[in-house]
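J.: what follows is a predicted structure for the sequence shown.
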Amino acid sequence: MASDVMAKPHQLIASDRVEGTAVRRPNGDMIGHVERLMIDKVTGKVSYAILSFGGFLGIGANLIPLPWGRLRYNTKFEAYELDVDDEELKRAPSFRADKDFDWGDRAKEAELHRYYGMPPYWGGF
């Protein structure tokens with residue numbers, strides 16, 4: 001009985017199934033993968049996807065926080081789609097794997113949202 005429930009298609013996905021999912025351009029070219037999600041503790045909504053971009057075999061990769069609204073799931077590629085070129089990603093606010101983004105600094109988050117032209121999830125601008 002429980003397996004019937006799990007086999008039915010639905011709109012929800014477990015966070016551990018999102019982590020590691022490919023991020024591709026609209027033409028299917030690989031950009032990177034979702035390293036992790038950042039979830040607002042109060043609302044429970046996903047605020048950011050952390051994109052692992054560049055590097056080789058995970059070494060030297062930049063971690064780029066993307067406003068969740070910039071990604072769309074593409075069933076054709078079974079990947080998240082992001083329409084951003086490499087140069088834009090190289091200039092994007094990012095952090096190294098050994099240093100986390102300062103999630104307590106709203107000014108840095110606001111800068112991130114301005115960069116992507118997206119309103120902040122907390123309702124600023």
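T.: Nice, thanks for sending it over.
J.: ok, which stretches of this structure are strands?
T.: 22-24, 30-39, 46-53, 62-67, 72-74, 79-81, 95-96 (DSSP state E).
J.: residues in contact with the shortest one?
T.: What it means is strand 95-96. Residues outside strand 95-96 that contact it (CB atoms under 8 Å, 6 or more residues apart in numbering): 62-63, 65, 101. In this view, the C-beta of every residue, glycine as well, is placed from N, C-alpha and C.
J.: number of nearby residues for Arg70?
T.: Neighbour count for Arg70, taken as other CB atoms under 10 Å: 18.
J.: skip the chain neighbours and tell me the closest residue to it.
T.: Distances taken as CB to CB, 6 or more residues apart in numbering place Tyr116 nearest to Arg70, at 5.6 Å, with adjacent residues excluded.
J.: let me know the pLDDT of the one you found.
T.: In this model, Tyr116 is scored at 93, pLDDT.
J.: which residues are in contact with it?
T.: Tyr116 touches 66-67, 70, 92, counting by CB under 8 Å, 6+ apart.
J.: then Thr21?
T.: Listed by CB under 8 Å, 6+ apart, the contact set of Thr21 reads 33-34, 78-80.
J.: kindly list the longest helix within this structure.
T.: Secondary structure of the chain per DSSP state H: the longest helix is helix 106-116.
J.: can you pull up the bridge partners for the residue nearest the centre of the chain?
T.: In the chain, the centroid-proximal residue (CA atoms, centre = their mean) is Ala49; its distance is 2.2 Å. Going by DSSP bridges, Ala49 is paired in beta bridges with Leu37, Leu66.
J.: low-confidence stretches in this structure?
T.: Scanning the chain for pLDDT under 70 picks out 1-10, 55-60, 97-98, 124-125.
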